[in-house]
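S.K.: Quick one: sequence and predicted model below, then my questions.
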Amino acid sequence: MATLVLGQSTAGYAAPKPTEKQLKAQLASLNKKIDKLIAEYNAKRVAVAKAKTAEKTARERLKTAESDLKTSQSQVGDIAQLRYQAGGLGMMGQILSPDFGGAAMLQQLQAEQTAKIARFASARDTRKKAADDATTLTKHLRDDVLEVTDQRKEAEKLISQIKDKLDRLVPTAPGKRSNGSWAPELPTGSDNITPRTRLMRAQVKSHFPLTFPIGCYRAENSGEHPLGRACDFMLSSGGAMPSAAGTALGEQVAAWAIENGGKLGVKYVIYRQRIYNLGFPGWRPMENRGGITANHFDHVHISMY
């Protein structure tokens, strides 16, 4: 597998900072490489599982062949012993005599024994090959695990660096005072939200693959929505629990808003019946409001100063 590397600037020459578009292209490329690594590793795991199943089947066939061979050997031995004891006398001697077909019977049993020996040898060889293949694949898998783990760690490290660079491109929202507080803003535009809220919404949309609606201004009697200072980033259709992927996406959006809240003017984030107030860091539980939407399980709520 090829080593994952980013281009480095030549000594003595400061390369221009990558644009957001270039960073996103690098991020998409690395994510594809990670997916490819995982797919290759998983395909090998499947191959090993199949090899072990084949080895188990071959082992069972060998066990059956061994039992079959022992039965055949016992039958041939019993017939030969009876012929010896009969000595050609009495009824048993007549039954086992060549005229009565005794020789033919023994010959048939011996032929069957020869065939069973051949089947046993074939089963033994098949089992050995299956066992060898399983052992080889298992060893290769161990080697691949180490290689894939190293490659993945490297790719994830680069992804983290790219995300950090993308976060550095997040602009500082208007109205931030020198002491870190935020000047009040009036809602503007046809969407009835403040410039800071509009910037935050645009940045979230730029950073995350959101497919459900985003609701900001709402005519209510309380909260930030009627003031144009809050948005709900939906993760499912309203009132429905999001998928596992949707829930994970919500965690990412919430974490990103908290991390970049100091530049954007985020006041607090609510998600999954928890609230994170940037003035008092840390997630805190909220009271049960009686529903999926009311408890913010189907969306991330971001309020602004």
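M.R.: Perfect, I can see it now.

S.K.: hey, let's count contacts and neighbours off CA atoms from now on
M.R.: Noted.

S.K.: all helices for the protein, in order.
M.R.: For the chain, the helices defined by DSSP state H cover 20-86, 90-95, 102-168, 195-207, 244-264.

S.K.: which outside residues touch the fourth one?
M.R.: Contact partners of helix 195-207, identified using Cα atoms under 8 Å, 6 or more residues apart in numbering, comprise 170, 173-174, 185, 187-188, 228-231, 253, 257, 264-265, 304.

S.K.: quick one: which of these is nearest to R284?
M.R.: Using Cα to Cα, the shortest approach to R284 within the contacts of helix 195-207 belongs to A257, at 16.1 Å.

S.K.: got a list of what that closest one touches?
M.R.: If you count contacts by Cα under 8 Å, 6+ apart, A257 has them with V204, V266, V269, I302.

S.K.: Mind checking which of those residues are in strands?
M.R.: The strands, defined by DSSP state E, take in V266, V269, I302 from these.

S.K.: Out of the residues you listed, give me the one that has the most neighbours.
M.R.: I302 (29 neighbours; other Cα atoms under 10 Å).

S.K.: Just give the nearest non-adjacent residue to that residue, would you?
M.R.: Of all residues not flanking I302 in the chain, V269 sits nearest, at 4.7 Å (Cα to Cα, 6 or more residues apart in numbering).

S.K.: if I look at the one you found, how far off is G279?
M.R.: For V269, the distance to G279 equals 11 Å [Cα to Cα, to the nearest Å].

S.K.: what do you get for K163?
M.R.: If you go by Cα to Cα, the gap between K163 and G279 works out to 24 Å.

S.K.: Which pLDDT value belongs to the residue minimising distance to the centre of the chain?
M.R.: Of all residues in the chain, the one closest to the mean position by Cα atoms, centre = their mean is I38, 7.5 Å from it. pLDDT recorded at I38 is 80.

S.K.: Which one of K163 and G279 is surrounded by more residues?
M.R.: It is K163, of K163 and G279, that has more neighbours when counted by other Cα under 10 Å, with 16 against 10.

S.K.: ok, the more buried one - contacts?
M.R.: Contacts of K163 by Cα under 8 Å, 6+ apart are L27.

S.K.: cutoff 10 Å now
M.R.: Counting by Cα atoms under 10 Å, 6 or more residues apart in numbering, K163 makes contact with L23, K24, L27, K157, L169, H207.
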